[in-house]
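Colleague: structure, please.
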Amino acid sequence: MNLIEVVKQDYSRFPQAQSYEIYASDVFFKDPVYEFRGIDKYQKMIGFITYWFSNLKLELHDIHQKDAIIHTQWTMSWNAPLPWQPRISVTGRSELEVNAEGLIISHIDYWQCSRLDVVKQHFKF
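Modeller: Numbers count the residues shown, from 1 in each chain. Alright, predicted model coming up:
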């Protein structure tokens, strides 16, 4: 199975049953909230998301590869752990850099909104 198909499947079942073997052990991850290196920290971040957020959905809008970069466009939504359970939504894109061995060595997410825009979604009534 090719890497793009594995990434598509991971997005469709996110955050459950992710294919961590497609990442290098020292993978670099960055988004507007987190920045770290290492597959163990990547797994812990997904565990944190799974524990705190409910009804998580990651909708893949586009995926393609150009040279050593897999580009994705997506929308992730979830219910925040507050008594009124606000539905939060972030649209963004990712760049997944692949090394010569076919492993993802860098995963960088870009949001189409600010962190403040995400905070504001928690308080819409």
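
Colleague: wasn't residue 21 part of a helix?
Modeller: Yes: under DSSP: H, G, I helix; E, B strand; the rest coil, residue 21 falls within a helix.

Colleague: do you know the pLDDT at it?
Modeller: Residue 21 carries a pLDDT value of 96.

Colleague: swap in the one 4 residues further on?
Modeller: The model reports residue 25 with a pLDDT of 97.

Colleague: what's the helix or strand for it?
Modeller: Assigned by DSSP states H and E, residue 25 belongs to strand 23-30.

Colleague: ditto for residue 119
Modeller: Assessed by DSSP H and E, residue 119 sits inside helix 115-121.

Colleague: so which bits of that helix are buried?
Modeller: residue 118 (16 or more other C-beta atoms under 10 Å). The way it works is simple: take the backbone N, C-alpha and C, and place the C-beta from them, glycine included.

Colleague: what packs against that helix?
Modeller: Here helix 115-121 touches strand 87-98, going by 3 or more C-beta pairs under 8 Å, 6 or more residues apart in numbering; DSSP states H and E.

Colleague: the strand it packs on: how far from the chain's middle?
Modeller: 6 Å (C-alpha atoms, centre = their mean, to the nearest Å).

Colleague: export only the CA atoms of it, formatted as CSV.
Modeller: Provided in CSV are the C-alpha atoms of strand 87-98 (Å, rounded to 0.1, in the frame of the first residue of the first chain):
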residue,chain,number,x,y,z
ARG,A,87,-18.5,22.3,18.8
ILE,A,88,-15.1,23.6,17.6
SER,A,89,-13.9,23.5,14.0
VAL,A,90,-10.5,24.2,12.5
THR,A,91,-9.7,24.1,8.8
GLY,A,92,-6.1,23.8,7.7
ARG,A,93,-3.5,22.1,5.7
SER,A,94,-0.5,19.9,6.5
GLU,A,95,2.8,19.3,4.9
LEU,A,96,4.3,15.9,5.5
GLU,A,97,7.9,15.5,4.4
VAL,A,98,9.0,12.1,3.4
